[in-house]
Structures are given as structure tokens and as C-alpha cells.
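Chemist: Sequence and predicted structure are below.
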Amino acid sequence: MLVVRLGAILMFITALAASALALINKSTAPIIAENKAKEAQLARMEVTASLGDVTFDEVTTEDGMTYYVVKDQQGSVVGYVGTAYGKGYSSTVETVTGMDSEFHIVGMKVLFQQETPGLGTKSQDASFLDQFSGKLAQDVKVRKDGGTIDSITGATITSRAVSNSVQVLAREIEASVAANKSTVPEGLNLGTLGAENQDEVEPQDGQGGEE
Amino acid sequence: MNLGEVFTRGIIKENPVLRLALGLCPSLAVSSSVFNAIGMGVSVLFVLIMSNLLISLVRKGVPAKIRIPIFIVIIATFVTIVEMVMAAYAPGLFKALGIFVPLIVVNCIILGRAEAFASKNGPVASIVDAVGMSAGFTLALVLIAIVREVLGNGTISLPDPSNPVVAMAIQVVPGSFEPILLFMLAPGAFITMGLWLALFNLLDARKAEKKKQETIQASFQRSK
Amino acid sequence: MDFMNLFVIAVGSILINNFVLARFLGICPYIGVSKKLDSAIGMGFAVIFVMALASLASWLIYVYLLDPATNVWSTPDHPVDLTFLRTITFILVIASLVQLVEMMLQKQMPALYSALGIYLPLITTNCAVLGVAVLNIDEGYNLVESLVNGIAAGIGFTLALILMAGIRERLELADVPKPLQGIPIAFIMAGLMAIAFLGFSGLSVG
């Protein structure tokens, strides 16, 4: 009988603890959700600041990825914003990336990283992120991989995670845009993405070098 | 033992990290910035005060056999409260401390104090004990963090006075010095911890030596 | 392809993000049980065993009982989010699991019990075990990936522990300055080992 009694006591205490937590969760959960939404909205506005006064239309692709089509006040598409997820050194680095309608990067913000303390934070610095501005999003690569982005000293993996994930994001958005539109813009043909890009990318690369 | 002694004991003589070698994981993991160290210290302070208080209040009604599971449930509850409140009101800190917030549950200092002190003493003494021990824990974290942040990043980050949940980094080493990155990384944490432990050992040995000398001298004078 | 992914997770947890030397998990037993090689080996295998079980149990509980997207209480219209109970359920699961393993070993495999028995109670407060359970969820691993990560994390812990025990057995004979003797020198050695393990961070797998 002792076992039953002890079990009952434990059960009672655990139930009490769970209800107390449920109560507190009820009041903090909306704040946490609001924080997240606000942070995401702010980040979107920040990375598209150079596109002027814009609105965001949420789009969810068939694979469940969400991105935003950026429209100006007249309702014409001026760019895209999405969150890139890159497997870094010790965490998944989340980078909000704003692009103009031709997929040139107009702004980037690292939303989350838990890389090596001190080094990972450098991925949020302007000196690293500003290098991406104006580059064609599908082509950003760190110098070690033959690209034009200087890695953060001591954090090559983080730098690579950011640039590679942005690349993937841009390609995915591009594919989705191409699939959604009946009139596909030149060079953004879904079926021939890989090959077409190579051609389109070269001149952009040269332009990037001049800057 | 009077309350003053209960309080000061946790800070120097029985400092949980530097003397008893408890709670080592968070002391290494979150000590890359002074701000994070303080944030972790405050979280532990809250959990330890609440769990010590509650355990001290219910200590006579708790069956000895299921004592530990009950303590764990109590501690886990307060840790989860810290998690939720921090995520809601200090999201930046919550992200920086990461997995080490839920891991406060297994911080041996907390279960250790519950078992060694709160389950045997009254509520007031238990709170004083909690404050003293967390102060000692925070002190140790801040000491490690100061060394690591100054050497590794050239800054000291403190809570921003206008908004204490946000860090404000103060440059203390001129920017022209290249910081020693190693101190920000895992090896720097281990080495800094080792050196602080050695320093505390040294001070302790000096003090014991001095005391020994004094007693010898006193007995010598008496014999004269 | 799938196997490659599991391999990447395993190498990551054993070498690149070694639980002890890079993630700072399980430091207390790492310093406390590394004085003798024999006990380090015993502790190591007990941890691998418990971590594997804890990874499985915590993953199943999280997915089927807590996560609003997949748990049994939720319907598409009424998701029931119990994720706030994660910490409390995980620590209770681990504590009961350790007890259960202890009782089973004692009855079924007394030889193994006498070898690992004394280390089992210490494992409940080993933050590496709770750590791996939480990390599996944070990283979004599936059941197999969680199991592999759990075993790999345990192996990584054991590797660091055995290396350290080997060093400390030799240190006994060395002339270490008095204030550094014992735990301080162990930390400095751990620092040097961590530098060596930093070398693995250059590995780019996958």
C-alpha cells in the first residue's frame, strides 16, 4: 500500500506543478509569439529598407517554405524576402535576406545563431553582411569556395553557412516565383535553372568585383 | 551558525564553483560575456531561492523515499518558469544562454542545496543560504567572464541601465590590440577556470599557513 | 544518402562538437570520475547506454505527447501545445530511466551491474544526458537521428573521459605546482585537449 500512497503523492505534486506551469504559460505564450512576429516583421522591414515604402505578401511553397513577395505602394513586385537556414558550426544560422526583383541582395540580417561565442556574433556585424549587398543572391560564395565574400576570421564555417544558405534560399524563391508566374521573366526559367544561371551569373560577378 | 555566516559562506569559503567544483558546465558555457554570466546568475538566484524556500516549507511532509523526485519536480517547475519568463521578456538573453536555461535543472548546486540545507533548515535560513550560494555562483561566473571577455574580445558587456535585459558592451582594450580569440573559445574557458581555481587554492593555502603561524606564535608566547 | 546524414551527425557529436570539449556538457563527471582509467571506462559505457535510451524515450514523449503538430491530444482544429512541459518531463524520464536500468541490471546482469552500478545514480544529474535529449528536439532530428546522436554523444563523452583519465594517471607522477594540483591542472589539461579538438572543426563533413 505504501507504494500506492507514494505514487499518489508524486502524482499530485506533478499535477500541481504542471497546472502552475500551464497557468504561467498562458500568460507568457502570447508575448513570446508576439515577440517573434514583431522581430520577424522588423527584420523584414530592415532588410528591404532600400526598396522604399513596401508591403509584404506571404507565400508558402509546396515544400512548406515561406517567403514574402515585396510590393511597393502601386502593388508591383519590387523584391523578395525570405529566411535562410544554414547549418553552421554548432547551430543553424538563420539569415533574413532581402532581394530586389532581380535577386540582387539589398539587405541581410542574422536573426539567430549559436555559433562559437564571440566569433559567431561577428556574423551579425555590418562589415561581414555589407559585402553581400548588390551581389546576385544565387551566386554568393565565400572566397574559399571560389566566391567573393571574405569569411569572418576564425569562423569560416559560419560564413559559409550564411552564404550557402542564402544561395539556396534565393534559388528556391526563384523557382517558386517562376512556377507561380505564367509569364516567366527572362533568365528565370524553372526547368533550366542551373544552366541559365551560370550564364547570367558571370557578368554579375565581374560587376561585384568592381565595387 | 548565524545567518551572516550562512550568507558569506557561499561566497568565498564554500564558493560552489571555485571551492566545491559544482555547477561547472554553465560556468564554462555562458562565461564568454559578463552580461550572459550575470543573466545566468540571476536565473539561478531565482530558482534557488524558490526551490529552497518551498522545500524548506514542505520538508516535514515529504516522505523520505520519494524525496529526490519531489525535489526534482519542484526545481524543474521553477526552471521552466524562468524559461518562459525569460523568453517573453528577455528574448536576447534567452537566445544567448540557449540550452543552458533548461539545464539549470541539473545544476548540482540547486539539488545539492535542497538536499544538504533546505531539507534540514527553516525557510528564512534557507533563503539566506540560497542568496549566498547564488552570489558565490554569480561571482565565480563573472570572474571567469571578465578574464575571457576582456582578453578574447576586448570588451566588458554589462546590462544596459535603461533596459537591463539588453547587453551594452564597453570597449576596455584599445581596438588596435588584436584580442586573443582563444579565450572566447572552449579552450580559453577551461584554462581560465583552471587558473582561477589555482588562485583560490593558493589564497586558501596562504590563509591556512598564516593561521598556523599565528597559533604557533601564540602558544610560543604563552609558554614564555 | 540517409546513411551519410547519420554519419555526419555521429562525427559531429563525437569529434567536431564534442559534448565535453566543445559544448561544455557533462563537465562535473568529466572532472570527477577521470582520476582512474577503470572508473572512466565504467562511467563512459554507463553514459552511452543511458544516453541512447534517454534519446529514444524523450523523443517519443516529445513527439507523441507534447508537440502540438504531432501529439495524440491535438486535432487539426484544436492543437494542444504542451511543449512548456518539456524540461520537467525530460528530467523525470531520465531519472526514472536511470532507476529502471539500475534495477534491471541488478536483477538480470549482476556482473555488468557490479561494473557500472555505482556510476548510474550519478548520471541523473549529468547535464550531458538532459542536454542530448533537448538538443535532439532543438535540431529537429527524427527518431533514428536522435538515437544515433545519443549514442555518438555518449561515445564523444567517453572518448574525452578516457583520454583525460589516461593523462591524469600519468600526472600523478608529475611534479605539479601545489596550487595547481588536482582539479586546476585537470582543467588546464582539458583546455589543451580542447585546443586539439578545435582542429576537428576544420573538418567539413556533408
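Modeler: Now that the structure is in, tell me what you want to look at.
Chemist: all contacts plus neighbour counts: C-alpha atoms, from now on.
Modeler: OK.
Chemist: longest helix anywhere in chain A?
Modeler: Ranked by residue count under DSSP state H, the longest helix found in chain A is helix A:2-47.
Chemist: For stretch B:101-111, buried residues please.
Modeler: By neighbour count on 16 or more other CA atoms under 10 Å in any protein chain shown, the buried set for stretch B:101-111 is B:101-111.
Chemist: Over to stretch B:191-202?
Modeler: For stretch B:191-202, the neighbour count (16+ other CA under 10 Å) marks B:191-201 as buried.
Chemist: out of those residues, what pair is the most spread apart?
Modeler: Using CA to CA, the buried residues of stretch B:191-202 reach their maximum pairwise distance at B:191 and B:201, which is 15.2 Å.
Chemist: Was I right to think residue A:135 contacts residue A:105?
Modeler: Yes. The pair residue A:135 / residue A:105 is scored as a contact, 5.7 Å apart, by CA atoms under 8 Å.
Chemist: Between the two, tell me which one has more neighbours.
Modeler: residue A:105 (28 against 23; other CA atoms under 10 Å in any protein chain shown).
Chemist: would that one count as being in a strand?
Modeler: Yes. Checked against DSSP: H, G, I helix; E, B strand; the rest coil, residue A:105 lies within a strand.
Chemist: what separates it from residue C:183, distance-wise?
Modeler: Distance of residue A:105 to residue C:183, computed by CA to CA, to the nearest Å: 51 Å.
Chemist: now residue A:48
Modeler: Residue A:48 is 53 Å from residue C:183, where distance means CA to CA.
Chemist: what about these two, which has more around it?
Modeler: residue A:48 (24 against 18).
Chemist: For that one, which non-adjacent residue is spatially closest?
Modeler: With CA to CA, 6 or more residues apart in numbering or on different chains as the criterion, residue A:48 has its nearest non-adjacent residue at 5.5 Å, and that residue is residue A:98.
Chemist: quick one: which of the buried residues of stretch B:191-202 is nearest residue B:9?
Modeler: residue B:200 (14.5 Å).
Chemist: Identify the residue nearest the closest one in space, chain neighbours excluded?
Modeler: Per CA to CA, 6+ apart, closest to residue B:200 is residue B:18, 7.0 Å.
Chemist: repeat for residue B:110
Modeler: Leaving aside its sequence neighbours, residue B:110 sits nearest to residue B:48 (CA to CA, 6+ apart; 5.9 Å).
Chemist: What mean pLDDT does the longest helix seen in chain B get?
Modeler: Looking across chain B with DSSP H, the single longest helix is helix B:186-223. Here helix B:186-223 scores 89 as its mean pLDDT.
Chemist: Remind me what it packs against, helices and strands.
Modeler: Counting contacts by 3 or more CA pairs under 8 Å, 6 or more residues apart in numbering or on different chains; DSSP states H and E, helix B:186-223 is packed against helix B:24-29, helix B:123-153, helix C:183-198.
Chemist: Low-confidence ranges, the chain, go.
Modeler: Using chain A here. Filtered on pLDDT under 70, chain A yields the residue ranges A:90, A:116-119, A:181-211.
Chemist: wrong one, chain C
Modeler: For chain C (pLDDT under 70), the answer is C:1, C:117, C:202-206.
Chemist: now the helices: where do they sit in chain A?
Modeler: Going by DSSP H, chain A shows helices at A:2-47, A:126-129, A:156-180, A:193-210.
Chemist: Of all the ones you listed, which one is nearest chain C?
Modeler: helix A:2-47 (7.0 Å; CA to the nearest CA).
Chemist: Distance from that closest one to the middle of the chain?
Modeler: 27 Å (CA atoms, centre = their mean, to the nearest Å).
Chemist: Same question for stretch B:4-15.
Modeler: 12 Å.
Chemist: hmm, that stretch touching chain C?
Modeler: No. Stretch B:4-15 stays clear of chain C (CA under 8 Å from any CA of the partner chain), getting no nearer than 14.8 Å.
Chemist: Point out the residues in chain A that sit beside chain B.
Modeler: A:6, A:10, A:13-14, A:17-18, A:21, A:24-25, A:28-29, A:31-32, A:35, A:112, A:114, A:116-119.
Chemist: let's go with 10 Å and repeat that
Modeler: A:3, A:6-7, A:9-11, A:13-14, A:16-18, A:20-22, A:24-25, A:27-36, A:112-114, A:116-119, A:153-154 (CA under 10 Å from any CA of the partner chain).
Chemist: does the longest helix of chain A come close to chain C?
Modeler: Yes. Using CA under 10 Å from any CA, we find that helix A:2-47 touches chain C at A:14, A:17-18, A:21-22, A:24-25, A:29.
Chemist: cool, and stretch B:21-28?
Modeler: Yes. With CA under 10 Å from any CA as the criterion, chain C is reached by stretch B:21-28 at B:21-28.
Chemist: Partner strands of the strand ranked longest in chain A, with direction?
Modeler: For chain A, the strand with the greatest residue count under DSSP state E is strand A:77-87. Each strand that pairs with strand A:77-87, with its direction, by DSSP bridges: strand A:66-72 (antiparallel), strand A:92-100 (antiparallel).
Chemist: relative to helix A:156-180, how tilted is that strand?
Modeler: Going by axes from the mean of the first three to the mean of the last three CA atoms, to 10 degrees, strand A:77-87 is angled at 140 degrees with respect to helix A:156-180.
Chemist: residues in contact with whichever strand in chain B runs longest?
Modeler: As assigned by DSSP E, the longest strand anywhere in chain B is strand B:163-171. By CA atoms under 10 Å, 6 or more residues apart in numbering or on different chains, the residues outside strand B:163-171 that reach it are B:33-36, B:39, B:86, B:89-94, B:150, B:153-161.
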